[in-house]
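Coordinates for the following, if possible.
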Amino acid sequence: MGSVELNPKPTRRRWRLHQSALVVLWVVMSVMIWVGLYYYIRRQSIRNVEEGLVSMCEERARMLQDRFAVSVNHVHALAILVSTFHYQKEPPALDQETFADYTARTAFERPLLSGVAYAQRVVHTQRELFETQQGWVIRTMKREPSPIQDEYAPVIYSQETVSYIEALDMMSGEEDRENILRARATGKAVLTSPFRLLGSNHLGVVLTFPVYREDLAPDVTEEERIEATAGYLGGAFDVESLVENLLSQLAGNPEIIVKVYDVTNASEPLIMYGPDLPDGFPSPSHTSMLDFGDPFRKHNMVCRYSKEPDVPLSATTTASGVFVICMLVGYIVYAAWNRYDNVKEDCRKMEELKKQAEAADVAKSQFLATVSHEIRTPMNGVLGMLDMLLDTKLNSTQQDYAQTAQVCGKTLISLINEVLDRAKIEAGKLELESVPFDLRSILDEVISLSYSKSREKCIELAVYVSDGVPEVLLGDPGRFRQIITNLVGNSIKFTERGHIFVQVHLSNHSNVVVEQKPEPRLNGHNDDSIPTASVSANADLDTLSGYETADRRNTWENFNKFLSLSSHSTQNGSTHDSNSEPVTLVVSVEDTGTGIPLHAQSRVFTPFMQADSSTSRNYGGTGIGLSISKCLVELMGGQIWFVSRPGVGSTFTFTAVFQRCERDAAVEIKKDSLDILPSCFRGYHAILVDKRPVRAVVTKYHLQRLGISVETVGNVDLGIAALTVEKGRLLSGTKRPCIFLVETDSYSSKNGSYSQDILEGSCNGSKLHLPNLFLLATSELEKERFPGFSDNAFIMKPLKASTVAACLQLALGVDSQNANEDGNNTEGPSSLRSLLVGKKILVVDDNKVNLRVAAGTLKKYGAEVECVESGKDALALLQVPHKFDACFMDVQMPEMDGFEATRQIRLIEKKANDKVKAGQHWTEDEMDGMDWHLPILAMTADVIQATHEECIKCGMDGYVSKPFEEKQLYQAVAKLWAPANS
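Just a heads-up that it's a prediction; the model follows:
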């Protein structure tokens with residue numbers, strides 16, 4: 001039977017029908033979207049128009065009420081004036097002429113009132129006497145003599161504009177009488193219903209205020225108010241003029257129609273202002289209530305548009321635009337779908353090529369990391385054997401050969417470490433630790449590594465950390481040290497004169513001092529129009545060494561601002577100990593070296609790239625250090641940049657984010673630190689003579705770390721003057737040890753004799769013990785300039801607190817054993833020997849060379865060492881009971897690695913301890929092993945945070961790196977046995 005081929009034409013025809021149906025459906029949906037969007041925008045526009053009408057109407061109503069209230073207050077003031085000057089003065093100080101003159105002069109305060117008048121309350125029994133005094137007869141509104149009634153309210157004072165109502169009885173009209181009675185009963189202003197004013201023919205109302213003979217208490221009764229009533233002050237308001245004046249000042253929308261109503265009778269509202277509109281007017285309207293102060297009468301304002309709002313153009317354009325977009329989207333989807341089949345295959349091929357490229361890149365990085373690690377392992381053995389060889393008796397030639405080999409080996413291992421770090425970064429396997437560390441101690445260590453080269457070149461190498469920087473931070477100290485070491489190493493390599501200055505400040509302080517980014521010549525973006533300056537050797541600027549720096553912002557002014565901000569934040573306690581807030585540090589390494597050529601600045605951070613081929617020949621290096629530093633800085637959440645000028649120098653600056661360390665952890669790391677500074681100098685006072693303020697601050701920083709108070713002066717004469725003041729304190733009984741420190745370039749003598757005689761002086765003939773004089777020197781050559789001083793009088797740079805302390809202890813005769821009052825041991829061979837002597841230690845490593853190195857190092861310090869080459873052999877020797885005091889365990893071993901071996905050892909110890917707790921009998925030797933816990937230290941050539949965590953997780957007590965370094969070995973061993981020995 002032959003194979004049946006499927007005809008693709010019906011399938012394509014069905015697909016085209018589906019496509020057509022989808023196109024029609026998409027068009028219908030687009031039209032529906034257009035209609036819905038059009039009506040939605042139109043409805044929103046009408047709603048916005050209505051909201052605008054409400055806002056404008058409420059604003060006009062509020063302003064109308066305010067204007068009316070101002071006029072009412074003026075009428076009230078006139079009522080008080082009449083009460084005061086007519087009834088409370090004897091004889092009355094007010095008459096018609098005075099009233100008319102006063103109201104005419106103050107008419108500008110009442111622009112909305114056509115006139116004011118005062119009517120006196122007259123009872124019938126007093127009518128004849130009143131008419132006789134006034135000289136006229138009380139008349140009604142119709143100008144007829146007023147008929148007999150209980151009381152009258154004839155007008156006795158009136159403004160000239162309404163003088164025609166004089167002698168008229170205001171109570172002759174029915175509505176006027178009700179208003180007057182209501183006003184005197186309530187003590188408040190009352191309004192009449194709207195009526196046409198004479199003269200203007202505008203609609204208006206009359207405001208009536210009661211006038212009392214004397215001030216009334218707030219809680220008087222209605223009968224007491226009526227009894228105290230003396231008369232009534234009234235004013236005619238022109239409501240139409242009031243509203244017209246208000247609307248003209250608002251400069252509002254002329255399309256808005258405003259109408260004011262008196263709605264006291266809700267069934268028949270009276271219009272007070274506004275045009276007549278036909279019924280069923282289509283424009284939206286809004287009604288705002290008006291409060292004119294009369295609770296009996298009610299008013300409101302109705303606002304509406306003069307015509308129905310137009311449909312906004314955006315309703316049509318937006319809906320049409322969306323419709324066009326929908327059609328375009330449909331077309332794009334249609335076209336993309338037709339091309340999908342062709343592109344799908346291309347995408348599949350590209351994905352395969354991408355995976356192959358990624359796999360090749362990962363394989364390359366893994367290969368580089370593996371090879372680097374495998375090379376470093378025998379190198380560790382080479383360096384370890386060289387250390388052991390140098391501890392033997394060698395002649396000078398042999399010792400020189402061994403030391404040269406050791407230096408070359410350390411250089412090679414450093415290069416391998418950098419290559420391995422770069423491989424880890426590319427493979428994404430570089431992890432940062434998060435442990436407490438002392439930043440100032442790390443910077444001191446970097447200074448220690450670089451001091452010999454800086455002395456050889458006679459350049460200043462200095463470190464300064466702001467007071468606001470916390471003492472203990474949480475982060476990766478090793479990687480931070482690596483960044484600083486790379487930058488300082490490069491600076492020393494390319495600097496032949498001047499200085500290298502490392503500064504650490506808080507980021508917020510840096511932002512305050514320098515509010516903008518570094519200069520335009522940053523990270524290779526230089527202005528070629530600026531010449532590359534060359535600074536002469538005799539330059540004297542306000543910098544650390546007096547030489548010009550690349551970053552012109554690094555002046556004494558800005559540095560002094562840093563000091564002020566740091567001191568202010570420390571005094572205010574802003575450096576709190578909460579670990580919830582990160583700490584961002586700004587670290588800068590400034591040098592006065594050769595600078596970076598302009599054409600090479602754009603590739604400074606490119607791996608294995610240098611300025612030119614001569615750089616590698618003249619200075620050495622691979623060009624990978626800055627690339628690794630940049631990656632590490634970015635892993636720390638910061639950025640790195642630089643400013644460089646050829647012939648002037650370079651300034652590299654980076655930021656790093658750390659966490660604040662908890663108080664307990666900070667105290668613990670300070671206790672565990674082996675570089676605890678001596679406290680024997682607390683209370684000392686130092687007078688520092690230095691003509692350079694920046695350098696003086698750096699020296700003061702190191703002295704203050706020892707607890708020494710420092711007074712800085714610019715020359716020796718000022719120092720002697722300060723010393724005289726200090727002598728005065730000594731004579732007055734203040735016992736404060738004093739030392740005198742002078743920079744070599746600030747020391748001068750008129751007679752050419754460099755001795756301590758210049759410090760001698762008289763203080764009222766008293767003989768005092770003069771303070772010790774110390775000179776701060778950059779190199780050994782400077783000692784030759786001062787033959788009158790002994791070696792103990794020199795403090796060699798670069799400065800660090802421990803070095804200064806050692807020099808002062810030697811020169812002042814301070815007992816170094818008493819320097820640490822807290823009883824902390826200092827590191828050194830004798831201290832390490834005291835910890836290891838007589839200890840029986842098991843060393844486990846599968847590499848025989850490393851095994852010999854570890855055993856030889858431990859035996860050098862007096863330990864009894866036994867070696868095995870596998871984890872299984874270690875388990876056999878560590879069965880309880882055993883006589884070992886500690887075990888040094890390699891991490892990577894065949895068959896059973898160090899982690900698994902440690903777990904098995906801890907399991908054996910647990911079973912033994914459980915057996916003791918259960919009360920089972922042991923031999924006398926076994927009883928000595930109660931609470932079994934053998935200290936186990938991991939030995940590894942690559943300790944990162946993950947390895948450290950795994951060590952602790954499996955039950956190890958710590959770790960040491962290979963090959964053993966004396967300081968690190970002491971730190972690890974001291975944590976195990978130092979407390980017991982003490």
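
Tell me where the model's unsure across the stretch 651-800 of the chain.
663-676, 726-736, 748-770 (pLDDT under 70).

for it, what spans make up the strands?
Remark: strands assigned in the stretch 651-800 of the chain by DSSP state E, counting those that start in this stretch are 685-689, 709-713, 738-743, 772-777, 794-796.

OK, contacts around D873?
Residues near D873 by C-beta atoms under 8 Å, 6 or more residues apart in numbering: V844. For the C-beta atoms, the positions are set from N, CA and C on the backbone; glycine is no exception.

Now it: which helix or strand?
Element membership of D873, judged by DSSP states H and E, is helix 871-877.

Buried residues of that helix, list them for me.
G871, D873, A874, L875 (16 or more other C-beta atoms under 10 Å).

Serialize the strands of the stretch 651-800 of the chain to CSV and add fields for distance to F323 and mean neighbour count.
CSV is the format used below for these (distance: least, C-beta to C-beta, whole Å; neighbours: other C-beta atoms under 10 Å):
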stretch, distance to F323, mean neighbour count
strand 685-689, 81, 23
strand 709-713, 78, 18
strand 738-743, 82, 22
strand 772-777, 82, 21
strand 794-796, 83, 19
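
Count the neighbours of T221 for me.
T221 has 8 neighbouring residues, counting by other C-beta atoms under 10 Å.

swap that for Q356, please
Q356 has 10 nearby residues by other C-beta under 10 Å.

Touching, P693 and L563? I think so.
No. Judged on C-beta atoms under 8 Å, P693 makes no contact with L563 at a distance of 9.9 Å.

show me what contacts T655?
Taking C-beta under 8 Å, 6+ apart as the criterion, T655 is in contact with S507, T584, L585, V586, V587, V633, G638, Q639, I640.

meant to ask about L544, not that
L544 is in contact with E460, A462, H499, F501, E590, R692, V694, R695, V698, counting by C-beta under 8 Å, 6+ apart.

For the first one, give me its contacts.
Right, the one you point to is E460. E460 neighbours (C-beta under 8 Å, 6+ apart): S454, G498, H499, I500, F501, L544, S545, R695, T778, K797, P798.

same question, the third one
For H499, the contacting residues are I459, E460, L461, A462, T543, L544, S545, Y547, E590, D591, T592, by C-beta under 8 Å, 6+ apart.

Please report how far it lies from K493.
Applying C-beta to C-beta, to the nearest Å, the value for H499 to K493 is 15 Å.

what do you get for N245?
86 Å.

ditto for C887
From C887 over to K493 (counting by C-beta to C-beta), the distance is 43 Å.

And the two? Which one has more around it.
Counted by other C-beta under 10 Å, C887 and K493 do not tie: C887 has more neighbours, with 26 against 17.

Was I right to think the more buried one contacts H933?
No. C887 lies out of contact with H933 (C-beta under 8 Å); the separation is 11.3 Å.

number of nearby residues for the nearest residue in space to Y87 that is not next to it in sequence?
Leaving aside its sequence neighbours, Y87 sits nearest to R213 (C-beta to C-beta, 6 or more residues apart in numbering; 4.8 Å). Close neighbours of R213, defined as other C-beta under 10 Å, add up to 15.

ok, R213 - contacts?
Counted by C-beta under 8 Å, 6+ apart, R213 has contacts S83, Y87, Q88, A228, T229, A230.

thinking again about what came up before, just the closest of the contacts of H499 to M939, please.
L461 (34.2 Å; C-beta to C-beta).

With respect to Q149, which of the contacts of L544 is nearest?
Of the contacts of L544, the one sitting nearest to Q149 (C-beta to C-beta) turns out to be V694, at 102.9 Å.

I'd like to know how far the closest one sits from L390.
For V694, the distance to L390 - C-beta to C-beta - is 40 Å.

Those two: which is more packed in?
Between V694 and L390, V694 has the larger neighbour count (other C-beta under 10 Å), namely 23 against 14.

my guess is that one contacts Y547, does it?
No. The pair V694 / Y547 is not scored as a contact, 11.6 Å apart, by C-beta under 8 Å.

Tabulate the buried residues of helix 871-877 (CSV), appending distance to N715.
Formatted as CSV, the buried residues of helix 871-877 follow (distance: C-beta to C-beta, whole Å):
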residue, distance to N715
G871, 69
D873, 71
A874, 68
L875, 72
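
which among these gets closest to E895?
Among the buried residues of helix 871-877, G871 lies closest to E895 (C-beta to C-beta), at 6.8 Å.

Who are the contact partners of that closest one?
Neighbouring residues of G871 by C-beta under 8 Å, 6+ apart: V844, M889, M893, E895, M896, D897, G898, E900, A901, Q904.

top helix in the chain by residue count?
Determined from DSSP state H, the single longest helix within the chain is helix 313-390.

Distance from that one to the middle of the chain?
Put simply, helix 313-390 sits 35 Å off its chain's centre (C-alpha atoms, centre = their mean, to the nearest Å).

Stretch 385-393 too?
Here the centre of mass of C-alpha atoms in stretch 385-393, compared against the chain's by C-alpha atoms, centre = their mean, lies 53 Å away.

Which positions in it come out as buried?
So, applying 16+ other C-beta under 10 Å, buried residues of stretch 385-393: M385, L386, D387, M388, L389.

can you check stretch 624-637 too?
For stretch 624-637, a neighbour-count test (16+ other C-beta under 10 Å) marks I624, G625, L626, S627, I628, S629, K630, C631, L632, V633, M636 as buried.

Show me how far that stretch is from its chain's centre.
Here the centre of stretch 624-637 is set off from its chain's centre by 23 Å, with C-alpha atoms, centre = their mean.

can you check stretch 855-863 too?
Taking C-alpha atoms, centre = their mean, one finds the center of stretch 855-863 at 51 Å from the center of the full chain.

thought V697 was touching T543?
No. Under the criterion of C-beta under 8 Å, V697 is not in contact with T543, lying 12.0 Å apart.

which of the two has more neighbours?
T543 (25 against 21).

and the more buried one, what does it touch?
Listed by C-beta under 8 Å, 6+ apart, the contact set of T543 reads H499, F501, T549, N554, T555, W556, T592, R692, V694.
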